[in-house]
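K.L.:
Next input, structure requested:
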Amino acid sequence: MKEVRLRFAPSPTGYVHIGGLRTALYNYLYARGQKGKFILRIEDTDRTRYVEGAIENLIRELKWAGIEIDEGISLDESGNIIDVGDCKPYIQSERVKQGIYDKYVDKLIEEGKAYYCFCTKERLDHIREAQKADGKVAKYDGFCRGVSLEEAKERIANGEEHVVRMKLPANKDISFDDAIKGRITINTDDMDDQVLIKSDGFPTYHFAVVVDDHEMGVTHVVRGDEWLPSTPKHVFLYEALGWEAPKYVHLPTVLNKSGKKLSKRNDDASVEDFRKKGYLPEGLINYLALVGWSPETNEEILSMDELIDQFSFERVSKSGGVFDSEKLDWVNAHYVKALEIPKLAKYIKPYMIEAGLIDEDFSNEKLELIAQTFQESIHKFSEIVEQSEFLFKDKIEIVEEDAIEMASGEQVPSLIEAFKEELSTVDEVDEEFAKTIMKKIQKKTGVKGKNLYMPVRAVLTGNVHGPELVNIIQILGKEGLENRLNQFHQGE
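P.N.:
Predicted coordinates:
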């Protein structure tokens, strides 16, 4: 049985987009589910759009997300890009240097399935404008098809700039089956004599992708549906070169809430954005798998292993999947709640340091208490700043109407006085103090229930609702408690 081989082959034109991560994920899930191989390849034939550091970012983000490659590019211990596998190199520009594409384009030219084109940019622009003015589809008019191979080679020897185009037959239906879109047929009369080799000697995406997929034994091409119109060109090239075409799977677009394509420009769409906000890879991957796909069980919380077991292209939607940040938060919160407290404390610490709430030497015991206190309420680690900042303020402002009402009751002065008296009897606030203080205040003042707890909470936190008061008292400590009680007592 033929080994199943899938590849993720992005261009290094920027940092990894969330839509790209989903494409990589679906490739990975299917490859793993079929006991096959997942290959990471770089398609950098468009050198004008190359972004420095994009390849390294891609490798790091995939690793962070738990998507492991079997073959392709990787980073060594020093952070250098290396090839792993027998089909190297896995970067197209390196494959160009080795002349990998030359023998195939030469074969097409010799067999009359491709030809040299010497048309200038000015002529091509003029043709397209004239075609558009006549209401026609803008495409190459085949002007150089009639140039003999002998003449072409002579013009090339004289230094004339040129490209290589594939020669499509007239009025031929090209058909292929897509696992999601179904049977697709396009006539060659509606297609263009696509450029295969550019004037700089680099292959175009359309040529390189076919050669690379064939040489690397790719059995399934899984990519975004923006590539669907180009697929007939690829199918034709497979046929022209005498190769078996892979199975095609064109994934629906990832949309934002407005129903438009999630974009790098208008949305927080890079994987790095989500990582920096404090999403767990397990949460992001779990949710992203569900954007356009659903398991038979209709479960929503699935580990990577469970996704691998259940994933199939049959259950991928034909329409675009909407990326809903609120649903992502809900899924991610499940994984935050499952973290052990020391691990959660480690995750939230950098966010609190960056916000200036704590420093590197902040008590680990208190940090873990903060993690425990807010674990049920945060969806992602960055939220810890907004939720916990009241603990670090010098002055508490009571603005909520219910809190103002509770903090202005006639029993409040006696509650504060009783609290201060108990506080003065200890050198430091520990768990025992935090657990017993309210009962002691109740015994001293005779106030109980919400008339006891809500005013004290309002004075200490500025709110009548919130995290466990026992934890808040411990986190504030003796100095913090005295500061807040004194501020209120003085009417500040």
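K.L.:
Okay, and the residue nearest to Ile197 when sequence neighbours are not counted sits in which element?
P.N.:
Nearest in space to Ile197, with sequence neighbours left out and distances taken as CB to CB, 6 or more residues apart in numbering, is Val164 at 4.0 Å. Backbone N, C-alpha and C define where each C-beta goes, glycine included. Using DSSP states H and E, Val164 sits in strand 163-166.
K.L.:
contacting residues around that strand?
P.N.:
Residues outside strand 163-166 that contact it (CB atoms under 8 Å, 6 or more residues apart in numbering): 105, 108-109, 113-117, 140, 144, 193-199, 207, 233, 236-237, 240.
K.L.:
Make a PyMOL selection of the buried ones in those residues.
P.N.:
Filtering those down to the buried ones (16 or more other CB atoms under 10 Å) takes a single PyMOL command:
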select buried, resi 105+108+109+113+114+115+116+117+140+144+193+194+195+196+197+198+207+233+236+237+240
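K.L.:
out of the contacts of strand 163-166, which are inside helices?
P.N.:
Val105, Leu108, Ile109, Phe207, Lys233, Phe236, Leu237, Ala240 (DSSP state H).
K.L.:
Tell me how far Glu239 lies from Thr188.
P.N.:
12 Å (CB to CB, to the nearest Å).
K.L.:
Tell me which of these two has more neighbours.
P.N.:
Thr188 (17 against 14; other CB atoms under 10 Å).
K.L.:
Name the helix or strand for the residue nearest to His234 when sequence neighbours are not counted, please.
P.N.:
Leaving out its chain neighbours, the residue that sits closest to His234 by CB to CB, 6+ apart is Val210, at 5.2 Å. Val210 is part of helix 205-215, with elements assigned from DSSP H and E.
K.L.:
which helices and strands does that helix pack with?
P.N.:
Contacts defined by 3 or more CB pairs under 8 Å, 6 or more residues apart in numbering; DSSP states H and E place helix 205-215 against helix 92-97, helix 102-110, strand 195-197, helix 231-241.
K.L.:
Please report how far Thr461 lies from Val51.
P.N.:
From Thr461 to Val51 the distance is 46 Å (CB to CB).
K.L.:
and if you look at Tyr347?
P.N.:
For Tyr347 relative to Val51 (CB to CB), the value is 29 Å.
K.L.:
Would you mind telling me which of those two has the busier surroundings?
P.N.:
Comparing Tyr347 with Val51 by other CB under 10 Å, the one with more neighbours is Tyr347, at 17 against 13.
K.L.:
For the nearest residue to Gly278 once chain neighbours are set aside, pull up the helix or strand it's in.
P.N.:
Leaving aside its chain neighbours, Gly278 sits nearest to Phe381 (2.7 Å; criterion: CB to CB, 6+ apart). Using DSSP H and E, Phe381 sits within no helix or strand.
K.L.:
one step back: where does the helix holding Val210 sit relative to the chain's centre, distance-wise?
P.N.:
26 Å (CA atoms, centre = their mean, to the nearest Å).
K.L.:
how about the CA coordinates for it, as CSV?
P.N.:
Extracted C-alpha coordinates of helix 205-215, given in CSV (Å, rounded to 0.1, in the frame of the first residue of the first chain):
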residue,chain,number,x,y,z
TYR,A,205,4.6,28.6,-8.1
HIS,A,206,2.5,26.6,-10.6
PHE,A,207,5.4,24.8,-12.1
ALA,A,208,7.5,24.3,-9.0
VAL,A,209,4.6,23.0,-6.9
VAL,A,210,3.9,20.2,-9.4
VAL,A,211,7.6,19.2,-9.7
ASP,A,212,8.2,19.3,-5.9
ASP,A,213,5.0,17.4,-5.1
HIS,A,214,5.9,14.7,-7.6
GLU,A,215,9.5,14.4,-6.5
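K.L.:
who touches that helix?
P.N.:
Contacts for helix 205-215 (CB under 8 Å, 6+ apart): 7, 9, 11, 41, 43, 45-46, 87, 92, 95, 100-101, 104-105, 166, 194-197, 203, 218, 221, 230, 233-234, 237-238, 241, 243, 246.
K.L.:
Would you list the buried entries among these?
P.N.:
Applying 16+ other CB under 10 Å to the contacts of helix 205-215 flags 7, 9, 11, 41, 43, 45, 87, 92, 95, 100-101, 104-105, 166, 194-197, 203, 218, 221, 233-234, 237-238, 246 as buried.
K.L.:
Which helix or strand lies directly C-terminal to the helix or strand bottoming out on mean pLDDT in the chain?
P.N.:
Counting by mean pLDDT, DSSP states H and E, the chain has its least confident helix or strand at helix 401-407, which shows a mean of 77. Using DSSP H and E, the helix or strand that follows helix 401-407 in sequence is helix 412-423.
K.L.:
what's the spacing between that following helix and its chain's center?
P.N.:
On CA atoms, centre = their mean, the centre of helix 412-423 falls 52 Å from the chain's centre.
K.L.:
What of stretch 76-83?
P.N.:
That offset, for stretch 76-83, works out to 23 Å (CA atoms, centre = their mean).
K.L.:
Any regions of the stretch 301-450 of the chain where pLDDT drops low?
P.N.:
Applying pLDDT under 70 to the stretch 301-450 of the chain flags no residue at all.
K.L.:
Then the stretch 51-200 of the chain?
P.N.:
For the stretch 51-200 of the chain, no range has pLDDT under 70.
K.L.:
Strands along that one, start to end?
P.N.:
71-75, 81-84, 114-117, 163-166, 173-178, 182-187, 195-197 (DSSP state E, counting those that start in this stretch).
K.L.:
do you know which of the ones you listed lies nearest Met304?
P.N.:
strand 71-75 (19.1 Å; CB to CB).
K.L.:
From the contact counts, what lies against that closest one?
P.N.:
strand 37-40, helix 54-64, strand 81-84.
K.L.:
do you know which of the ones you listed lies nearest Arg123?
P.N.:
helix 54-64 (34.3 Å).
K.L.:
Between strand 71-75 and that closest one, find me the angle.
P.N.:
100 degrees (axes from the mean of the first three to the mean of the last three CA atoms, to 10 degrees).
K.L.:
So that it lines up with my notes, have the first residue be 244 from now on.
P.N.:
In the new numbering, first residue 244, that becomes helix 297-307.
K.L.:
who are the neighbours in contact with Ala701?
P.N.:
Ala701 is in contact with Ile641, Ala646, Ile647, Met649, Ala650, Val707, counting by CB under 8 Å, 6+ apart.
K.L.:
List buried members of those residues by neighbour count.
P.N.:
Among the contacts of Ala701, the ones that count as buried by 16+ other CB under 10 Å are Ile641, Ala646, Met649, Ala650, Val707.
K.L.:
Kindly export the least confident helix or strand of the chain (C-alpha atoms) in CSV.
P.N.:
Extracted as CSV, the C-alpha positions of helix 644-650 are listed here (Å, rounded to 0.1, in the frame of the first residue of the first chain):
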residue,chain,number,x,y,z
GLU,A,644,-23.6,51.5,42.7
ASP,A,645,-24.1,48.4,44.8
ALA,A,646,-20.6,48.7,46.2
ILE,A,647,-21.1,52.4,47.1
GLU,A,648,-24.4,51.5,48.9
MET,A,649,-22.8,48.7,50.8
ALA,A,650,-19.7,50.7,51.7
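K.L.:
Which residues does that helix contact?
P.N.:
Ile641, Val655, Met697, Pro698, Arg700, Ala701, Val702, Gly705, Asn706, Val707, Phe731.
K.L.:
hey, which helix is longest across this protein?
P.N.:
The chain, longest helix under DSSP H: helix 712-732.
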